[in-house]
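1. build me a model from this:
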Amino acid sequence: MNVVEFIREQREQFQQRNNEFRASLQPKFKNITGLLSDKFKPLTNTLNNPWLSRASFQEQDEDQKSEQVVQTPAAAKAYCQLSEQIGEETHLGEWFSLDQECINQFAKVTHDEQWIHTDPERAAKESPFKATIAHGFLTLSLIPKLTNTVEPEANPYPDARMVINFGLNQVRFPFPVKANSRVRARTRLIELKPMKKSIEVVNEISVEVEGSKRLACVAETVLRLYY
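-> Below is the predicted model of the structure:
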């Protein structure tokens, strides 16, 4: 056997052994592939999950919102004007009489007809306040009225085409409001956030009771002004 034939024979034997070795490993690789597929399938499902993908988009939207600036000319003008008032009292409302009839109507609508609100005789005898008192949520619900945000002729944001109540950051009721008391609200602008087509306004509202040094309600309201 010459050298060329020897090399050819060795190469053929090597290829045969290599093919046999690969054939023996193939089932093992299939098992490993199956295991990896099962392991990563939940992750794949998670990435394709519409709820989680929506959440991730929401996070991106929030990040984008934080970088947004006022774009419409009317909103930009309003933002500049309002930004000069941050930290200042922007409105002092008129006195509003919170009588027993108003309290009774609110109690009926909300199904909160506790005697401390609706029974003047019992309240005079048993209540520590010696009178019926307004629901805390009634006082809170009067904030749009007390701050004139629902009065077309005295709206504090006359240039806004629409004002939306976006929510509350925090609310406290330090002292109750007795029936037939008069209340009013002071508004202090504490924060502004420029949006694409609107301005988010955070106000601190302090509801006063006539003749009392203690506040009936202190709330941070969040409004969206659209221009």
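
2. run through who's touching the helix or strand harbouring E101.
-> E101 belongs to helix 100-110 when elements are defined using DSSP states H and E. For helix 100-110, contacts defined as CB atoms under 8 Å, 6 or more residues apart in numbering pick out 112-114, 117-118, 120, 132, 134-135, 137-138, 141, 179-180. In this view, the C-beta of every residue, glycine as well, is placed from N, C-alpha and C.

3. for the chain, longest strand please?
-> Counting by DSSP state E, the longest strand found in the chain is strand 181-194.

4. report the next helix or strand after the helix or strand of the chain with the lowest mean pLDDT in sequence order.
-> Ranking every helix and strand in the chain by mean pLDDT, DSSP states H and E puts helix 50-67 at the bottom, with a mean of 43. Under the assignment DSSP H and E, the closest C-terminal helix or strand after helix 50-67 is helix 73-83.

5. now the helix or strand just after that following helix: average pLDDT?
-> Downstream of helix 73-83, the next assigned helix or strand under DSSP H and E is strand 89-92. Across strand 89-92, pLDDT averages out at 95.

6. one step back: if you count neighbours, what's buried in whichever helix or strand comes after the longest strand of the chain?
-> As assigned by DSSP H and E, the chain's next helix or strand after strand 181-194 is strand 198-209. Neighbour-count burial for strand 198-209, counted by 16 or more other CB atoms under 10 Å, picks out 198-209.

7. export strand 198-209 as CSV, just CAs?
-> Only the C-alpha atoms of strand 198-209 are listed here, as CSV (Å, rounded to 0.1, in the frame of the first residue of the first chain):
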residue,chain,number,x,y,z
SER,A,198,-52.9,70.2,28.1
ILE,A,199,-51.5,71.4,31.5
GLU,A,200,-51.8,69.4,34.7
VAL,A,201,-52.5,71.8,37.6
VAL,A,202,-52.1,70.7,41.2
ASN,A,203,-53.8,73.1,43.7
GLU,A,204,-53.9,73.0,47.5
ILE,A,205,-57.4,73.8,48.5
SER,A,206,-58.1,75.0,52.1
VAL,A,207,-61.8,75.1,53.1
GLU,A,208,-62.5,77.6,55.9
VAL,A,209,-65.4,77.8,58.3
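
8. listing partners with orientation, what would you give for it?
-> Partners of strand 198-209 in the sheet, by DSSP bridges, are strand 181-194 (antiparallel), strand 215-226 (antiparallel).

9. possible to save those as TSV with distance to I86, mean pLDDT and mean neighbour count?
-> Listed next are the strands paired with strand 198-209 as TSV, based on distance: least, CB to CB, whole Å; pLDDT from 0 to 100; neighbours: other CB atoms under 10 Å:
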stretch	distance to I86	mean pLDDT	mean neighbour count
strand 181-194	5	97	18
strand 215-226	14	97	20
